[in-house]
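Colleague: quick one: sequence plus predicted model below, questions after.
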Amino acid sequence: MFGFLERKRLVKKGLASPKTRRRRSHSELIEGLQTGNIPKALIFLVFITGLWELINYGQVAQPAEKFLIALLIFVTALAQLWVNHPITFATNSRILMMFGSIFVHLMAVKAMLVAAQNAHSFDAKNTWELLIPYAFAPLICSVLLGKNQGLYAATFVSLWGSILLPGIDAHFLVTSLICGFIAVFLTLQVRRRSRLIRAGIFVGLARWMLAVIFGQIGPIIWEALVNMDWNLIGLQSLVAIGSGLLTAMLVGGALPILEHLFRITTDISWLEMADLNHPLLKRMIIEAPGTYHHSLVVANLSESAAEVIGANPTMCRVCSYFHDIGKLVKPDYFIENISRERNSPHNGLAPTMSALIIIAHVKEGVDLALKHKLNQQVVDTIQQHHGNSLCAFFYKRALQQQEDARQGGKIMNIREEDIPEVREESFRYAGPKPQTRETGIIMLADAVESAARSLEKITPQRLEQLINDIFEQRILDRQLDECHLTLKEIRLIGESFKFTLHSMLHSRISYPKETPKAFRTHEDGPHSPANPSTTPTSQSPTTPAPVSAA
């Protein structure tokens, strides 16, 4: 409270700014729920309890034995999650989403099986079993978490689902695995919701083919096709194919809710955020056109490099659009927005002040991103795309001024302690360093694009040397230590940058200027006005020159 009153007093005196910068709230409670072991154990306990209720519901033979088998499968699933998916295992929200979708899937399976058991005819029983949504959990986990988690869900939801049947049914297990794997393989890169519909159609077709093979449709008697009940076969075929399509539509409708609840961004949402009509980008076009063009080039560089190493290219493109929005606060202090006719405003500033203005664009960018409620990963990229690197230009200028002051001090008898100290920490960004591969790519693309514009002549050799120097500088400065980029991936990123930059900044052919017809020389032809036989100089000064016939 006393700090608030002191700040208010300083604002009244003009000694403090009334502006308060937006900051991300870090709650210890939320952090504990996200990574704590107690919430993780509660999620697993609720899942096991739900499994027991599903197994014990209805007329089930030997429920204790089936529950023991389910527990053994759970231990196997837990071990595989811990070994093969450590990031998912460490994040309680992801565990909740994965096991929650699996449990909802199992509830739907149990509901269809109970309805089939209570059916009054064999045909109705088969129809209810055809409605089982085999692709529900695999689709959700594949789209939101990735293909590996999708395969994980497809495997274990099939094993647990087979226990819910009255007896061991190999047909159910095979059908569930095949439909789940097809759903995952068709959603490896979902950039449009139509891909989900396509996956649902193919899952439905696979379900129909397996139902025909296992005799769940019909029955189809090949020797007496004319006498078969084609209305029933048509209805069951429609149900089999429609179940896959309906499952995909339900998943597509639930995606925005799941993304918001679990703070996961899919490629579909990244593409929606790639709209250049965002208010911040519109402001950048008008107020900082150089920064806007720089951001577009960085987006192209980072997207191409991300595709090469298997990172998320759509995320790289969107984050690159917004990584320099902090320059909107003082756009005239950044070189890309300074026209050649104007002097740089840094010429009248001390290097420390210039560095302070340049470094502040990161904090200003985070402030604008939070104000406009941008995606959390975009905010992280804005904060991390410079890491804690050095603002080298102004640091070297400050060292030069310090050296000049020392040389002049010897003449003016100025004491050494009166010369201002130059501290490297004052010229470094606040960080943190890039935490993801995508942010590391954007950091490298940002530095390479800015430096490439200083080259007078673009050649492959100069571009390669420039890229190698920047990469080596970033590695020696330990800026890429926390983003999990390997040396092989860094080499591939450099090759991608070289190809993209050379394609964008290639030199054009210098076309010769065409001489206007009125000024052609006699080599242009006999009908040229400059031909000696028809030249105006042969006429008298008062006689008008003849009009050329050319």
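Modeller: Nice, thanks for sending it over.
Colleague: so what does the helix or strand that contains Arg491 touch, helix or strand wise?
Modeller: Assigned by DSSP states H and E, Arg491 belongs to helix 487-504. Helices and strands touching helix 487-504, as assessed by 3 or more C-beta pairs under 8 Å, 6 or more residues apart in numbering; DSSP states H and E, comprise helix 289-309, helix 437-452, helix 460-476. Glycine gets a C-beta too; all of them are placed from N, C-alpha and C.
Colleague: and the following helix or strand past the longest one with helix 289-309, angle?
Modeller: When you say that, I think you mean helix 289-309. Sequence order places helix 313-322 as the next helix or strand after helix 289-309, per DSSP H and E. Comparing the axes of helix 313-322 and helix 289-309 via axes from the mean of the first three to the mean of the last three C-alpha atoms, to 10 degrees yields an angle of 160 degrees.
Colleague: what's the average pLDDT for helix 313-322?
Modeller: The predicted model assigns helix 313-322 a mean pLDDT of 96.
Colleague: convert the C-alpha atoms of that helix to CSV, please.
Modeller: The C-alpha coordinates for helix 313-322 follow below in CSV (Å, rounded to 0.1, in the frame of the first residue of the first chain):
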residue,chain,number,x,y,z
PRO,A,313,5.5,-23.9,-39.7
THR,A,314,2.1,-22.3,-39.2
MET,A,315,3.0,-21.3,-35.6
CYS,A,316,6.3,-19.8,-36.9
ARG,A,317,4.5,-17.7,-39.5
VAL,A,318,1.9,-16.3,-37.1
CYS,A,319,4.5,-15.6,-34.3
SER,A,320,6.8,-13.9,-36.8
TYR,A,321,4.0,-11.5,-37.8
PHE,A,322,3.7,-10.2,-34.2
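Colleague: surely Ala61 is in contact with Leu165?
Modeller: No: Ala61 sits out of contact with Leu165 when judged by C-beta atoms under 8 Å, with a separation of 10.7 Å.
Colleague: so what's the gap between the top helix by length along the chain and the chain middle?
Modeller: Ranked by number of residues, the top helix in the chain under DSSP state H is helix 230-262. Centre-to-centre, helix 230-262 and its host chain are 28 Å apart (C-alpha atoms, centre = their mean, to the nearest Å).
Colleague: can you spell out which helices and strands pack onto the very next helix or strand once past it?
Modeller: Downstream of helix 230-262, the first helix or strand assigned by DSSP H and E is helix 267-273. Helices and strands touching helix 267-273, by 3+ C-beta pairs under 8 Å, 6+ apart, are helix 230-262, helix 313-322.
Colleague: do that again at 7 Å, thanks
Modeller: helix 313-322 (3 or more C-beta pairs under 7 Å, 6 or more residues apart in numbering; DSSP states H and E).
Colleague: give me the contacts around the helix it packs on.
Modeller: Contacts with helix 313-322, where a contact means C-beta atoms under 7 Å, 6 or more residues apart in numbering, come from 191, 267, 270-271, 273-274, 280-281, 295, 298-299, 302-303, 306-307, 369, 374, 377-378, 381-382, 438, 441-442.
Colleague: would you map out the domains in this protein?
Modeller: According to automatic domain parsing, the chain comprises the domains 30-264, 269-391+428-504.
Colleague: tell me the mean pLDDT over the longest one?
Modeller: In other words, domain 30-264. For domain 30-264, mean pLDDT rounds to 89.
Colleague: my read: Thr439 touches Cys483, true?
Modeller: Yes: if you go by C-beta atoms under 7 Å, Thr439 and Cys483 touch, sitting 6.1 Å apart.
Colleague: which of these two has more residues huddled nearby?
Modeller: Shown here are Thr439 and Cys483; by other C-beta atoms under 10 Å, Thr439 has more neighbours (30 against 20).
Colleague: against Gly387, how distant is the more buried one?
Modeller: Applying C-beta to C-beta, to the nearest Å, the value for Thr439 to Gly387 is 9 Å.
Colleague: same question, Gly234
Modeller: From Gly234 to Gly387 the distance is 63 Å (C-beta to C-beta).
Colleague: when the two are compared, which one has more neighbours?
Modeller: Gly387 (26 against 11).
Colleague: quick check: phi and psi on that one?
Modeller: Here is the backbone geometry of Gly387 (degrees, to the nearest 10): phi 60, psi -140.
Colleague: and for the one 3 residues further on?
Modeller: Main-chain dihedrals, Leu390, degrees, to the nearest 10: phi -90, psi 140.
Colleague: just list the residues touching it, thanks.
Modeller: Residues in contact with Leu390 (C-beta under 7 Å, 6+ apart) are 424, 427-428.
Colleague: just the buried ones from the residues you listed, in ChimeraX syntax?
Modeller: Here is the ChimeraX selection string for the buried members of those, based on 16 or more other C-beta atoms under 10 Å:
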select :427,428
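Colleague: in JSON lines: the contacts of Leu390, plus pLDDT and distance to Leu173.
Modeller: JSON lines is the format used below for the contacts of Leu390 (pLDDT from 0 to 100; distance: C-beta to C-beta, whole Å):
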{"residue": "Glu424", "pLDDT": "89", "distance to Leu173": "63"}
{"residue": "Phe427", "pLDDT": "93", "distance to Leu173": "63"}
{"residue": "Arg428", "pLDDT": "94", "distance to Leu173": "58"}
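Colleague: closest one to Lys125 out of the contacts of Leu390, please.
Modeller: Proximity of the contacts of Leu390 to Lys125 (C-beta to C-beta) peaks at Arg428, which lies at 70.7 Å.
Colleague: isn't the closest one right up against Asn388?
Modeller: Yes: between Arg428 and Asn388 there is a contact under C-beta under 7 Å: 5.2 Å.
Colleague: relative to Val104, how far out is Ser450?
Modeller: Taken as C-beta to C-beta, the span from Ser450 to Val104 is 49 Å.
Colleague: find the nearest non-adjacent residue to Val422, please.
Modeller: Ala398 (4.7 Å; C-beta to C-beta, 6 or more residues apart in numbering).
Colleague: touching, the one you found and Leu349? I think so.
Modeller: No: in this structure, Ala398 is not within contact of Leu349 by C-beta under 7 Å, at 11.3 Å.
Colleague: between those two, which one's more packed in?
Modeller: The neighbour comparison of Ala398 against Leu349 (other C-beta under 10 Å) goes to Ala398, with 23 against 15.
Colleague: for Leu390, list each beta-bridge partner.
Modeller: Following DSSP bridges, Leu390 is listed with bridge partners Arg428.
Colleague: and it, how far is that from Ser101?
Modeller: For Leu390, the distance to Ser101 - C-beta to C-beta - is 46 Å.
Colleague: kindly report the same for Leu374.
Modeller: 27 Å.
Colleague: how about Val298?
Modeller: From Val298 to Ser101 the distance is 36 Å (C-beta to C-beta).
Colleague: the two: which has the busier surroundings?
Modeller: The neighbour comparison of Val298 against Ser101 (other C-beta under 10 Å) goes to Val298, with 28 against 23.
Colleague: what about Ala360, neighbour count?
Modeller: Ala360, neighbours per other C-beta under 10 Å, totals 18.
Colleague: per-residue pLDDT, it?
Modeller: Ala360 is given a pLDDT of 94.
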